[in-house]
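**Q** Give me a 3D structure for the following:
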Amino acid sequence: MNRRAFAPPAAFAGLVALALSAGCRGCHDDHPYVPYAIGSAAARVEGPDDAAVAPADASTSTEGGADPFAGEPALVAPPGLTRWVVDGVSLTAPDGQVFVLGMARDFDGDGSKDAFAIVRPAEGNDPGHVVYYGGAPGAAPVTFDPPASLARDPSCSAIDRLEAVGARSVLAELGQQCSVHPSSAPVRWVAVLTGGASPRVRLAATLADPAGAPALSVDADGSDRDADGREDIALRVTIEGGGAPLEPGPRVSATIAWLDRPAGLSRDAGATESSFGALASSA
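**A** Have a look, this model is predicted:
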């Protein structure tokens, strides 16, 4: 699929397929729009389920000027730090790692603060890891590892991103930005994770950034879309611009959402249809 310029609404219908197939590695063959969730051996992974789809408010418009996809950014760690106090929570990095980003809040609702952090080796081009520090006494940190297939080019700049996207969920992005030597291999890992007694990866995907492709970004919203008391997941996939010799394209976005059900995540097709409708109206 040509990724040069997606002019809404006609050519934009391929954005979701592009983001979660051409640019997504490790996706289920039988669920082409559902990113494959990758976690460490210590983490439990929720499996998406397309069977049950319930209606939900698919609007991504802002209310009162607030963007539902504007997550709360994490704190930036001082360089080379292996021990860090974040909002009163004392953190110790795994052996051989230093802190990059961190944030503390009560992610499991037990009244004690927990923390998520991104760590990586002080030297080298390792993309790093996400670590969850549960606030319960004696709770061991849980590490979430990106796939080993991520490109590791020393000439690229690191991408580290950690945002709270719900009361109990965070969006993490690890990888590289390779403007000099773009790679056709996956270069970024984007994951929505949640804390608690069983911290886990709720949804994850690897992204490739081919040479000359428009910039692709993913934002998340962990709001309870269907008011059942459980945080759901919505992703806003955005494509903007393009590289030479192609003309830059307009900034266009699509929303992909899943409802959290006891049996797993159920895709909310209405959210994507609503975002396409908004693009058609603006055009």
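
**Q** got the contact list for the closest residue to Gly196 other than its chain neighbours?
**A** With sequence-adjacent residues excluded and distances taken as Cβ to Cβ, 6 or more residues apart in numbering, Gly196 is closest to Asp108, at 3.9 Å. For the C-beta atoms, the positions are set from N, CA and C on the backbone; glycine is no exception. Contacts for Asp108 (Cβ atoms under 8 Å, 6 or more residues apart in numbering) come out as Asp114, Gly134, Gly135, Arg168, Gly195, Gly196, Ala197.

**Q** and if you look at Leu235?
**A** If you count contacts by Cβ under 8 Å, 6+ apart, Leu235 has them with Val192, Leu203, Val218, Asp219, Ala220, Thr255, Ile256, Ala257.

**Q** okay, now the last one: neighbour count?
**A** Neighbour count for Ala257, taken as other Cβ atoms under 10 Å: 27.

**Q** Could you list which residues are in contact with it?
**A** Contact analysis of Ala257 by Cβ under 8 Å, 6+ apart lists Ala56, Ala58, Arg225, Asp232, Ile233, Ala234, Leu235, Arg267, Asp268, Ala271, Thr272.

**Q** tell me the secondary structure for the closest residue to the fourth one other than its chain neighbours?
**A** In space, Asp232 comes closest to Arg225 once its chain neighbours are excluded; the distance is 4.4 Å by Cβ to Cβ, 6+ apart. Using DSSP: H, G, I helix; E, B strand; the rest coil, the structure places Arg225 in coil.

**Q** re earlier: now, of the contacts of Asp108, which are buried?
**A** Asp114, Gly134, Gly135, Arg168, Gly195 (16 or more other Cβ atoms under 10 Å).

**Q** The last one and Arg168 touch, don't they?
**A** Yes: with the criterion set as Cβ atoms under 8 Å, Gly195 and Arg168 qualify as a contacting pair; they are 6.0 Å apart.

**Q** what sits in contact with each of those two?
**A** Contacts common to Gly195 and Arg168, judged by Cβ under 8 Å, 6+ apart, are Phe107, Asp108.

**Q** So what pairs up with Ile233 in the strands?
**A** Ile233 has these beta-bridge partners by DSSP bridges: Trp258.

**Q** for Ala66, same thing?
**A** According to DSSP bridges, beta-bridge pairing links Ala66 with Glu63.

**Q** quick one on the thing from earlier: how much space between the residue nearest to Asp232 and Ala211?
**A** 37 Å (Cβ to Cβ, to the nearest Å).

**Q** What of Ala197?
**A** In terms of Cβ to Cβ, Ala197 sits 44 Å off from Ala211.

**Q** repeat for Asp110
**A** Asp110 is 48 Å from Ala211, by Cβ to Cβ.

**Q** Then Tyr132?
**A** 35 Å.

**Q** between these two, which one's more packed in?
**A** A side-by-side neighbour count of Tyr132 and Ala211, using other Cβ under 10 Å, places Tyr132 first with 24 against 11.
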